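**Q** Please work out how this folds:
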Amino acid sequence: MNKVLILCTGNSCRSQMAEGLISNLFPNNQVYSAGTKPEKVNPFAVKAMAEMGIDISNNISNHADEYAHIDFDYVFTVCDNAKEICPIYPKAKQLVHHSFYDPADATGTEQEQLKVYVAVRDELAQYFKSFFENCTSK
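**A** I've put the predicted structure just below:
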């Protein structure tokens with residue numbers, strides 16, 4: 001079982017969706033998400049995940065410092081800001097960075113904003129499926 005941490009700035013959108021995706025797609029992983037400046041979980045992220053049958057409505061945002069004591073196999077940063085100010089995880093076996101568009105920047109109607117969240121969710125799903133399938137096939 002891998003211990004996985006997904007870091008973002010607010011721990012409200014991308015990292016929350018990634019946590020839900022990895023937990024659902026690869027249940028043998030112990031998955032955490034956190035932010036460098038945690039905010040409330042974004043309702044559009046909850047809706048986007050619910051569309052694919054994954055419930056993150058009870059998730060809470062956590063600060064990255066809360067997990068400094070855990071020996072992670074993977075620490076992912078999913079935004080450039082989190083990468084720049086990422087806390088040090090000296091026990092992490094692998095640090096991985098891949099930046100995804102921040103859906104919280106979406107504008108327009110609720111439907112137009114949700115469409116952006118769904119697109120980012122799908123990009124996250126594709127990225128993590130590829131990553132973890134390649135890791136386990138080695």
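
**Q** if I pick the closest residue to A106 other than its chain neighbours, what's in contact with it?
**A** Excluding the flanking residues, the one nearest A106 by Cβ to Cβ, 6 or more residues apart in numbering is V116, at 3.7 Å. Yep, even glycine has a C-beta here, placed from its N, CA and C like the rest. If a contact means Cβ atoms under 8 Å, 6 or more residues apart in numbering, then V116 has Y101, P103, A106 as its contacts.

**Q** which one among these gets closest to S130?
**A** Y101 (17.8 Å; Cβ to Cβ).

**Q** re earlier: if you rank the contacts of V116 by neighbours, which is first?
**A** Highest neighbour count within those: P103, with 23 neighbours (other Cβ atoms under 10 Å).

**Q** Distance of N58 relative to A104?
**A** 20 Å (Cβ to Cβ, to the nearest Å).

**Q** higher neighbour count, those two?
**A** A104 (18 against 7).

**Q** Return the backbone torsion pair for that one.
**A** In this entry, A104 is assigned phi and psi values of phi -60, psi -20 (degrees, to the nearest 10).

**Q** give me the number of residues near the nearest residue to it once chain neighbours are set aside?
**A** Take A104 and drop its neighbours on the chain: the residue closest to it by Cβ to Cβ, 6+ apart is C13, 5.5 Å away. Using other Cβ under 10 Å, C13 is surrounded by 31 other residues.
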